[in-house]
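Chemist: Sequence and predicted structure below; questions after.
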Amino acid sequence: MANTAFPSRADSDSAPRAQAGKIWLVGAGPGDPDLLTVKALRLIRAADLIVHDGLVDASILALAPATAERISVAKARSRHTMAQDDINALLVREAKAGRNVVRLKGGDPFIFGRGGEEQEAARAAGIACETVPGITAAIGCAAEAGLPLTHRAASSAVSFVAGQCKDLSDQDWSGLAGHGRTLVIYMGIATAERIAEKLIEDGVSPATPVAVLEKGTRGDSRAMQTLLADLGGLVARQQVQSPALLVVGDVVTRSNAVEMFDHFYASPARGGGLPAGQDGGVSPSRNSEHPSTIGCADGPPPLTGEDLKSFGDAS
């Protein structure tokens, strides 16, 4: 993949149009344009057509040339702008017409991004297709929250699952969460209460720490933590909105996520709450000396669109 050539804007403007174009499945990362890869930036700037998800931040789309056509195929729970088969057909049709097509996806194309289906459609049509990885939400959002998904003292395994791709009753998560393991759940906010019930039924302790990472790496991100038995309650109280991730495991207590135990411990009778002193060793004050750094002004200022364009030119 490192040696594969890709076009520059000058190349695509001056060179004769090939008989068939090419499809690039490009990961846009978790939201912050600073987290784009150099290759993703260069492809965005050379695209004839950008077919993008709703999760791709507007500041990233602004990096495309004015001549590039943009088509949104945003998906929300039970509401899709365009069916997946129609997206596949669009990509193939436009590439056959000789266009450089960038399929721009939030996170990484192959982590719950349906990139595999689009790659198969391109192969079946005889269209060249290349995947450019992006920082998946689990990695980017956890890093922003100071949450190590693995840790020698707490977790030697991490699993990614989707909370809404299939009915929860059809998914077997047994063994994915618990002592020494970390479970990251994408697209789980709408079913958070049912997810907690499912994990507890599978034998995961109700006192297991869980983090909710809302709109990670974006300007309005929030990182919160509570116990598994309070997951649904926290999501409801804080009115958490998508995109958001759930992280289940002891590594959560090592993060900067703001602790939200107080309401839960004060109401042990609200449907599964754990009275203080019966928390399985999870202390609500364990991380109080490390308040959340989410949204703080420390560190270098974020790069602007012009900065990123200059960076692309310098390569």
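Modeler: Noted; the coordinates are in hand. Residues are numbered from 1 along each chain as shown.

Chemist: which residues does the most centrally placed residue in the chain contact?
Modeler: Geometric centre of the chain, nearest residue: Ala137, 2.5 Å, by CA atoms, centre = their mean. With contacts defined as CB atoms under 8 Å, 6 or more residues apart in numbering, Ala137 is in contact with 30, 106-107, 111, 186, 216, 243, 245. Heads up, the C-betas are built off the backbone N, CA and C, glycines and all.

Chemist: Just give the number of residues close to the nearest residue to Thr191 once chain neighbours are set aside.
Modeler: Leaving aside its chain neighbours, Thr191 sits nearest to Gly163 (5.3 Å; criterion: CB to CB, 6 or more residues apart in numbering). Using other CB atoms under 10 Å, the number of residues around Gly163 comes to 20.

Chemist: Pull up the gap between Gly163 and Arg194, please.
Modeler: Look at Gly163 and Arg194: by CB to CB, to the nearest Å, they are 9 Å apart.

Chemist: Please apply the same query to Asp230.
Modeler: 14 Å.

Chemist: Could I get the full set of strands for this protein?
Modeler: Assignment of strands within the chain using DSSP state E yields the ranges 22-27, 49-52, 69-72, 75-76, 79-80, 100-105, 128-132, 155-162, 180-186, 209-214, 222-227, 244-248, 258-259.

Chemist: any chance of those strands in CSV, plus mean neighbour count, distance to Ala121 and mean pLDDT?
Modeler: Converted to CSV, the strands of the chain look like this (neighbours: other CB atoms under 10 Å; distance: least, CB to CB, whole Å; pLDDT from 0 to 100):
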stretch, mean neighbour count, distance to Ala121, mean pLDDT
strand 22-27, 26, 9, 98
strand 49-52, 23, 12, 98
strand 69-72, 14, 16, 97
strand 75-76, 12, 17, 72
strand 79-80, 10, 16, 60
strand 100-105, 28, 11, 97
strand 128-132, 19, 9, 98
strand 155-162, 16, 21, 96
strand 180-186, 23, 23, 97
strand 209-214, 27, 32, 98
strand 222-227, 25, 37, 97
strand 244-248, 27, 28, 98
strand 258-259, 20, 43, 92
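
Chemist: I'd like to know which of those strands is closest to Leu199.
Modeler: With CB to CB, the closest approach to Leu199 among those belongs to strand 244-248: 6.8 Å.

Chemist: how about the CA coordinates for that closest one, as PDB?
Modeler: Written as PDB, here are the backbone C-alpha positions of strand 244-248 (Å, rounded to 0.1, in the frame of the first residue of the first chain):
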ATOM      1  CA  ALA A 244     -20.800   8.200  21.200                       C
ATOM      2  CA  LEU A 245     -18.900   5.100  22.400                       C
ATOM      3  CA  LEU A 246     -19.200   2.900  25.400                       C
ATOM      4  CA  VAL A 247     -16.100   1.400  27.000                       C
ATOM      5  CA  VAL A 248     -16.600  -1.400  29.600                       C
END
